[in-house]
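# only the shape, not the letters, is given here:
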């Protein structure tokens, strides 16, 4: 199934959706190439006509894989899961798989803040707005995760929910959201940040991470 | 796998995400009960503490099924697909399944307009904003669908992409988006509206559809 050509990730070190895809590749042990798309420089390199041919939504990530080009990180992650060997990224049990709900809650319910994605230079009002939506999402997520989690978001196996949670917490920290209110989220995030696939894919050491943000 | 108890959909006749779930049930031939959640009346019935126990995000839809309660329409649809017999809602071929991208583009990239969902009473500025995001999404979707579509969004079998497209076009029409710019979207929507599962689930004849909006 896997082609001989390495997949190519068009992404940005700090984009939470790009990070999701990097985690999925890392968990599966799939090597991939990265083409940085700087969302701020030159007014946003995702806005070029050239990039539009790769992703008509002019967002990151986009992935060239097996002769097709995919965008939308959850679709990419599930394609990787369904075509690559290695640990499952979704549980086998249908009721546990249904916890795709957690990924969708993050991907559709918290992450998409159109004006933020339109204006990477964030002013005070936009920070407040981001905090409002992240807080609203985390207030909903916390009781869900209290029910579903074991060591990880859904029981004791890493799944797509974890892949979505960690980059979302990273975003929350950028916007100074108080994580103490969400002990389950905080605990899961801390556990996951110790996992090699999450460490290796962290925004602080990607090819396009600026020197001053490197860890 | 299916329990003896009918699933219960907590939804709203005009919510595009609720309609998605109604279409999925209809395509699978699954009978279900509906509990209307009026998003406008009483300041929004989804904001009650009672409803918060059903869906902590305080959004529709939420579905009680097989002893669990799920929200996030795409997670619900895929759970229905994986546990109920009948036509597949996702293609068998991995590359075609990857067209989950289309559903995600609609669900994460177009549909979530936080201020609209916060303020169902829509003013002129919000209409413009909705038009902007729907147009941006449709401009991206049109070339994708030109590639992937046959009779339906992905080849000649109805799939989750179609389930997402039709309610999104209904929303677009509510906000007076000019569909003539998107001939593929327009053609697919017209074809799908002739399909019984899409007709039966239409917002114009649900239990909670107001008399003046009935068709």
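Yes, it's here. Quantities reported herein were computed from a predicted structural model and do not represent experimental measurements.

# and residue A:133, helix, strand or coil?
Using DSSP: H, G, I helix; E, B strand; the rest coil, the three-state assignment for residue A:133 comes out as helix.

# quick check: it touching residue A:106?
No. Proximity of residue A:133 to residue A:106 does not meet the contact threshold set by CB atoms under 8 Å, at 11.3 Å. No exception for glycine: its C-beta is placed from N, CA and C like everyone else's.

# what mean pLDDT does stretch A:67-83 get?
Model confidence over stretch A:67-83 averages 97 on the pLDDT scale.

# burial count for residue A:53?
Here the neighbour count serves as a burial measure; for residue A:53 (other CB atoms under 10 Å in any protein chain shown) it reads 11.

# report pLDDT for it.
What the model reports as pLDDT for residue A:53 is 92.

# measure it to residue B:125 for me?
Per CB to CB, to the nearest Å, residue A:53 is found 33 Å from residue B:125.

# just to check, residue A:30 is in contact with residue A:7?
Yes. Using CB under 8 Å, residue A:30 and residue A:7 qualify as a contacting pair, with a distance of 6.8 Å.

# for residue A:50, helix, strand, or coil?
helix.

# tell me how many other residues crowd it.
By other CB under 10 Å, 7 other residues sit near residue A:50.

# and for residue A:178?
By other CB under 10 Å, the residues close to residue A:178 number 10.

# tell me the contacts of the nearest residue to residue A:127 once chain neighbours are set aside?
Spatial nearest neighbour of residue A:127, chain neighbours left out: residue A:175 (5.7 Å); criterion: CB to CB, 6 or more residues apart in numbering or on different chains. By CB atoms under 8 Å, 6 or more residues apart in numbering or on different chains, the residues touching residue A:175 are A:127, A:130-131, A:134.

# residue A:189 is in contact with residue A:198, correct?
No. Distance between residue A:198 and residue A:189: 9.3 Å, which falls outside the contact criterion (CB under 8 Å).

# give me the common contacts of those two.
Taking CB under 8 Å, 6+ apart as the criterion, residue A:198 and residue A:189 both touch residue A:166.

# helices of chain A, residue ranges please.
Secondary structure of chain A, counting by DSSP state H: helices at A:16-28, A:49-54, A:73-83, A:94-97, A:100-104, A:114-118, A:124-148, A:160-174, A:183-193, A:196-200.

# relative to residue A:39, which of those helices is closest?
Proximity to residue A:39 (CB to CB) singles out helix A:114-118 among those, at 8.3 Å.

# quick one: average confidence on that closest one?
48.

# report the helix or strand with the lowest average pLDDT across chain A.
Here the helix or strand of chain A ranked lowest by mean pLDDT, DSSP states H and E is helix A:114-118, holding a mean of 48.

# now residue A:15: how far from chain B?
As for residue A:15, its distance to chain B is 14 Å (criterion: CB to the nearest CB, to the nearest Å).

# for residue A:180, give me its contacts.
Contact analysis of residue A:180 by CB under 8 Å, 6+ apart lists residue A:186.

# beta partners of the closest residue to residue A:95 other than its chain neighbours?
Here the nearest residue to residue A:95 in space, its sequence neighbours aside, is residue B:68; by CB to CB, 6+ apart that works out to 5.8 Å. Here residue B:68 sits in beta bridges with residue B:65, as judged by DSSP bridges.

# can I assume residue B:68 is in contact with residue A:98?
Yes. The pair residue B:68 and residue A:98 passes the contact test of CB under 8 Å, sitting 6.7 Å apart.

# so for the two, which sits in the more crowded spot?
Regarding residue B:68 and residue A:98, a neighbour count based on other CB under 10 Å identifies residue A:98 as having more, with 26 against 14.

# what's the neighbour count on the nearest residue to the more buried one once chain neighbours are set aside?
Nearest residue to residue A:98 in three dimensions, chain neighbours excluded: residue B:79, at 4.2 Å (CB to CB, 6+ apart). Applying other CB under 10 Å, we find 25 residues neighbouring residue B:79.

# how close does residue B:79 get to residue B:5?
With distances defined as CB to CB, the gap from residue B:79 to residue B:5 amounts to 15 Å.

# where does chain A have low pLDDT?
By pLDDT under 70, the weakly predicted segments of chain A are A:1-4, A:111-123.
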